[in-house]
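Pasting the sequence and the predicted model now:
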Amino acid sequence: NSLSTLLICSTVSSTVLVTGIGEGTATITVTAAANGDYAKSSTSFVVSVTDPNSGEVTATETIDLTAQGYSNAQAVTNVSGSVVSLVFAQGTNTNNAPKYYTNGTAVRTYTGNTLTISASDKIIKNIVFTCDGSSYTVSTPDSGTYSDCEWNGKAASVVFTTGTAQFRVQKVAVTYVVSE
């Protein structure tokens with residue numbers, strides 16, 4: 001389905017009202033231009049419109065870490081979308097904290113570093129990472145199942161701990177339950 005047959009969008013002040021007019025999915029990307037106080041930022045959402053009698057409704061928010069305006073070797077701690085929050089922490093690693101590097105354009109976490117992902121008061125069902133190279137995808141979640149840069153389960157938050165290799169994250173797409 002195309003966006004025009006699936007959704008009607010209208011703007012009221014700084015709020016955008018999205019109304020489903022047919023079943024399907026659509027991606028909405030919001031971008032804020034850089035100004036004197038802030039770097040350019042962008043976030044995307046996948047809106048799913050389903051039959052109200054079919055049960056669970058989900059939404060997906062993607063945080064693009066390559067579009068946050070980070071400089072090389074910049075420490076990264078908190079990144080927030082409108083619903084999803086990413087918290088990068090040093091964890092048990094006494095030498096290296098998570099940092100963004102322009103070589104590979106990714107946030108690198110090191111052995112013992114953690115990444116906690118939450119979605120306000122929502123239940124997370126799926127997390128898909130876009131990583132820099134197949135050898136930089138090793139991380140262990142505290143719940144659910146994880147394989148090939150994709151986590152599945154049901155949790156209010158998920159903590160990923162980096163194992164023996166770096167974890168290089170470029171994008172994080174989080175699918176959460178909107179209503180049941």
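That came in fine, so what should we check first? Residues are numbered from 1 along each chain as shown.

from here on, contacts and neighbour counts on C-alpha atoms
Noted.

For Lys125, give me its contacts.
By CA atoms under 8 Å, 6 or more residues apart in numbering, the residues touching Lys125 are Asn152, Gly153, Lys154, Ala155, Val174, Thr175, Tyr176, Val177.

Verify the stated contact: the fourth one with Ile123.
The one in question is Ala155. Yes - between Ala155 and Ile123 there is a contact under CA atoms under 8 Å: 5.4 Å.

Kindly tell me how buried the residue nearest to Thr27 when sequence neighbours are not counted is, as a neighbour count.
Excluding its sequence neighbours, the residue lying closest to Thr27 (CA to CA, 6 or more residues apart in numbering) is Val46, at 4.3 Å. If you count neighbours by other CA atoms under 10 Å, Val46 ends up with 18.

and of the contacts of Lys125, the nearest to Ala73?
Minimum distance to Ala73 across these is 25.4 Å, recorded for Val174 (CA to CA).

now the closest one, what's its secondary structure?
Put simply, Val174 is strand when judged by DSSP: H, G, I helix; E, B strand; the rest coil.

Hmm, it is touching Lys122, no?
No - taking contacts as CA under 8 Å, Val174 lies outside contact range of Lys122: 10.8 Å.

Those two: which has the busier surroundings?
The neighbour count for Val174 versus Lys122, taken as other CA under 10 Å, is higher for Val174 (25 against 19).

That one: what's it in contact with?
Val174 makes contacts with Thr60, Glu61, Thr62, Val84, Ile124, Lys125, Asn126, Ile127, Val128, as judged by CA under 8 Å, 6+ apart.

hmm, try it at 10 Å
45-46, 59-63, 83-85, 117-119, 124-129, 151 (CA atoms under 10 Å, 6 or more residues apart in numbering).

Over to Gln166?
Taking CA under 10 Å, 6+ apart as the test, what Gln166 contacts is 98, 107-113, 135-139.

Okay, the closest residue to Thr92 other than its chain neighbours and Gln166: tell me how far apart.
Among residues not flanking Thr92 along the chain, Gly112 sits closest, at 4.9 Å (CA to CA, 6+ apart). Distance from Gly112 to Gln166, counting by CA to CA, to the nearest Å: 10 Å.

Return every residue with contacts to both of these two.
Residues touching both Gly112 and Gln166 (CA under 10 Å, 6+ apart): Ser139.

show me where this protein has helices.
Assigned by DSSP state H, the chain shows helices spanning 3-6.

Flag the shaky bits of it, pLDDT-wise.
1-24, 48-55, 134-135, 137, 180 (pLDDT under 70).
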